[in-house]
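[1] What follows is a protein structure lacking sequence information:
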């Protein structure tokens with residue numbers, strides 16, 4: 001299963017955003033990594049560099065590697081509607097992201113691991129593919145033998161956000177994917193139009 005295994009704090013500092021969750025090093029060093037630290041002279045970025053940074057940010061945020069991200073963009077381009085929004089909807093519809101949004105995991109990386117360890121069922125079938133694309137009406141549930149795990153109890157105890165496009169039954173530890181979210185329902189700070197411009201070159 002391909003995934004990013006490199007340093008997380010460096011990436012967060014590069015984009016100046018807590019991409020992988022709360023990061024103390026980002027608070028202490030709120031400037032990009034590099035040999036000369038905050039005193040390094042940084043020239044104005046080209047249009048291409050700005051667009052590339054936005055694509056990289058989206059990839060790291062959702063934990064998607066280049067080849068898969070390119071395929072998702074191609075699918076978003078073929079789908080009716082605004083390409084940038086379609087792309088974010090595809091990212092949000094991934095099983096690992098939905099597990100994270102439901103509050104069953106503290107991060108997308110943890111959600112990916114949980115899915116890989118077969119803790120979830122989709123429409124009654126055990127699914128261990130983090131990139132599984134959920135469709136309207138799909139049901140996601142924690143497997144019976146996994147419900148007592150401490151990690152789920154801890155995550156649910158700290159659960160804060162509720163998303164209109166997901167229905168959650170706390171008692172049954174079951175959810176319904178109502179529909180793909182609209183752009184205003186996606187909280188990520190991603191300028192998807194820049195990604196579209198990059199791929200359109």
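    Now that the structure is in, tell me what you want to look at. Just so you know, these numbers come straight off a predicted model, no measurement behind them. Numbering: from 1, shown residues only.
[2] Point out where this structure drops to low pLDDT.
    Scanning the chain for pLDDT under 70 picks out 1-43.
[3] if you set the cut-off to 90 instead, what comes out?
    Regions of the chain meeting the criterion pLDDT under 90 cover residues 1-46, 49-50, 106-107, 148, 150-162, 170-171, 189, 201.
[4] Point to the residue nearest the middle of it.
    Nearest to the mean C-alpha position of the chain, by C-alpha atoms, centre = their mean, lies residue 62 at 2.9 Å.
[5] Show me what the longest helix seen in the chain is packed against.
    Using DSSP state H, we find that the single longest helix of the chain is helix 47-62. Packed against helix 47-62 by the contact rule (3 or more C-beta pairs under 8 Å, 6 or more residues apart in numbering; DSSP states H and E) you find helix 8-15, helix 66-78, helix 83-92, helix 192-199. (Each C-beta comes from the backbone N, C-alpha and C, glycine too.)
[6] Select, out of the ones you listed, the one closest to residue 168.
    Residue 168 sits nearest to helix 83-92 of all those, at 15.6 Å, using C-beta to C-beta.
[7] Show the contacting residues for the residue nearest to the centre of the chain.
    Counting by C-beta atoms under 8 Å, 6 or more residues apart in numbering, residue 62 makes contact with 91, 94, 97, 108.
[8] Out of the residues you listed, which sit inside helices?
    Using DSSP H, these in helices are 91, 97, 108.
[9] just those residues now: which is nearest residue 188?
    Using C-beta to C-beta, residue 91 comes nearest to residue 188 of the ones in helices among the contacts of residue 62, at 8.4 Å.
[10] and the gap between the closest residue to the closest one other than its chain neighbours and residue 94?
    Using C-beta to C-beta, 6 or more residues apart in numbering and skipping residues adjacent in sequence, the residue nearest residue 91 is residue 62, 4.6 Å away. Separation of residue 62 from residue 94 (C-beta to C-beta, to the nearest Å): 7 Å.
[11] Please apply the same query to residue 103.
    When residue 103 is compared with residue 94 (using C-beta to C-beta), they lie 16 Å apart.
[12] So for those two, which sits in the more crowded spot?
    For residue 103 versus residue 94, neighbours defined as other C-beta atoms under 10 Å are more numerous around residue 94 (24 against 20).
[13] Skipping adjacent residues, who's closest to the more buried one in space?
    residue 131 (5.5 Å).
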